[in-house]
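Colleague: okay, predicted coordinates and the sequence, questions at the end:
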Amino acid sequence: MDWSRILLAIAVYIVLRLIRSRLSPPAKSMVHGKVIEVDNPVVFKALTSSGPVVVDFFATWCGPCKAVAPVVGKLSETYTNVKFLQVDVDKVGSVAQELQVRAMPTFVLFKDGKLQDKRVVGGNMKELEEGIKGIIS
């Protein structure tokens with residue numbers, strides 16, 4: 001894996017986000033707590049390549065997604081050793097398609113870069129927390 005290319009892509013992504021944030025009005029975000037919103041497939045791959053990761057696939061028009069967002073934010077503050085990512089399926093459809101996300105919200109778990117079999121479709125936060133405990137053990 002060429003880490004210099006990944007780091008360069010992340011740096012370019014951050015600069016572009018900063019420029020865009022200064023030029024456009026703030027978009028309505030559903031990010032809470034320590035959740036990182038990802039809107040780039042390269043950054044997604046980099047962030048899921050190591051450690052325990054929870055990915056929340058959502059859509060801005062999804063009512064259940066809006067309802068669980070604050071709970072996911074609290075989980076991100078509780079499980080500080082886990083990366084929590086949020087991916088808008090309308091912005092990063094390629095990632096959602098690659099991981100076969102068909103409903104929102106869908107929570108996908110990674111451990112050390114490997115996609116885990118456990119997947120939570122819907123707003124069952126108890127089931128999600130059980131999955132989180134599984135990737136940190």
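Modeller: All right, it came through fine.

Colleague: please make it C-alpha for all contacts and neighbour counts, starting now.
Modeller: OK.

Colleague: mind checking the SS state of the one residue sitting closest to the centre of the chain?
Modeller: Residue closest to the mean C-alpha point of the chain, counted by Cα atoms, centre = their mean, is residue 85 at 2.2 Å. At residue 85, secondary structure determined by DSSP: H, G, I helix; E, B strand; the rest coil is strand.

Colleague: how distant is stretch 80-96 from the center of its chain?
Modeller: 3 Å (Cα atoms, centre = their mean, to the nearest Å).

Colleague: quick check: end-to-end length of that stretch?
Modeller: Start-to-end span of stretch 80-96 (Cα to Cα, to the nearest Å) is 25 Å.

Colleague: which parts of stretch 40-47 are buried?
Modeller: 40, 42-44, 47 (16 or more other Cα atoms under 10 Å).

Colleague: possible to save those as CSV with pLDDT?
Modeller: Below are those laid out as CSV (pLDDT from 0 to 100):
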residue, pLDDT
40, 94
42, 95
43, 95
44, 96
47, 96
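
Colleague: contact partners for the nearest residue to residue 94 once chain neighbours are set aside?
Modeller: Of all residues not flanking residue 94 in the chain, residue 41 sits nearest, at 7.5 Å (Cα to Cα, 6 or more residues apart in numbering). Counting by Cα atoms under 8 Å, 6 or more residues apart in numbering, residue 41 touches 92, 94-95.

Colleague: how near is residue 41 to residue 87?
Modeller: Per Cα to Cα, residue 41 is found 10 Å from residue 87.

Colleague: any idea how far residue 2 is from the residue nearest to the centre of the chain?
Modeller: Noted for residue 85: a distance of 23 Å to residue 2, by Cα to Cα.

Colleague: again with residue 119
Modeller: When residue 119 is compared with residue 2 (using Cα to Cα), they lie 29 Å apart.

Colleague: over to residue 61?
Modeller: As judged by Cα to Cα, residue 61 and residue 2 stand 37 Å apart.

Colleague: of the two, who's got more company?
Modeller: Neighbour tally, residue 61 and residue 2, criterion other Cα atoms under 10 Å: the higher count belongs to residue 61, 10 against 6.
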